[in-house]
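Chemist: Sequence first, then the predicted structure, then my questions.
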Amino acid sequence: ALHHGLPVLVTDGDPMNELVDAGRTGLLIPARQVGWTRLAPHWECDIDGLADAMVRFADDPQLRALYDAYVSAKKRCNEDVSRISFDAMARTVAQQIPKLREQLKAKEIDFKVVIQGGRAVLKAVPRG
């Protein structure tokens, strides 16, 4: 993403924090070192910090498209959308990603909207 000029979210730990100009080429998420993986430090990011960073990227067209598709599907299923907000969905997605990565053993997690049992839901799609 950096190579193509797209902003990134990275943990504020070596070596990733050295690659990002905070606020310009991406956002640094607070993290703490929790151990070592082979010869590299293993970092754990702050979930609230990740959620805040996701909200700051609220103009992300992919996330906006997911939100629009979700609300549209909910309306097609005659579900109440009055309590759904973009910020809340972005935070929920951001909070789920670390858990889903571990659970599904995936490098990345995408989401898509599906209809299950007459209800619109977000489904995690593992990549890598």
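Modeler: Now that the structure is in, tell me what you want to look at.

Chemist: For the most centrally placed residue in the chain, pull up the helix or strand it's in.
Modeler: The residue lying closest to the centre of the chain (CA atoms, centre = their mean) is Ala94, at 3.8 Å. Taking DSSP states H and E as the criterion, Ala94 maps to helix 86-104.

Chemist: what bridges to Glu44?
Modeler: Arg32 (DSSP bridges).

Chemist: now it: how far from Lys123?
Modeler: Using CB to CB, to the nearest Å, Glu44 is found at 26 Å from Lys123. The way it works is simple: take the backbone N, C-alpha and C, and place the C-beta from them, glycine included.

Chemist: Neighbour count: the two, which is higher?
Modeler: Shown here are Glu44 and Lys123; by other CB atoms under 10 Å, Glu44 has more neighbours (13 against 10).

Chemist: right, and that one touches Pro30 too?
Modeler: No. Shown here, Glu44 and Pro30 do not form a contact pair, counting by CB atoms under 8 Å, at 10.1 Å.

Chemist: now the strands for the chain?
Modeler: Applying DSSP state E to the chain gives strands spanning 8-11, 26-29, 31-37, 40-45, 108-116, 119-127.

Chemist: Which of these sits closest to Tyr70?
Modeler: Closest of the strands of the chain to Tyr70 is strand 108-116, at 5.0 Å (criterion: CB to CB).

Chemist: how about stretch 28-40: buried residues?
Modeler: With burial defined by 16 or more other CB atoms under 10 Å, the residues of stretch 28-40 counted as buried are Leu28, Ile29, Pro30, Ala31.

Chemist: Let me know how buried Leu66 is, in neighbour terms.
Modeler: With other CB under 10 Å as criterion, Leu66 counts 20.

Chemist: Same question for Gly128.
Modeler: 8.

Chemist: quick one: contacts for it?
Modeler: Counting by CB atoms under 8 Å, 6 or more residues apart in numbering, Gly128 touches Ala106, Lys107, Glu108.
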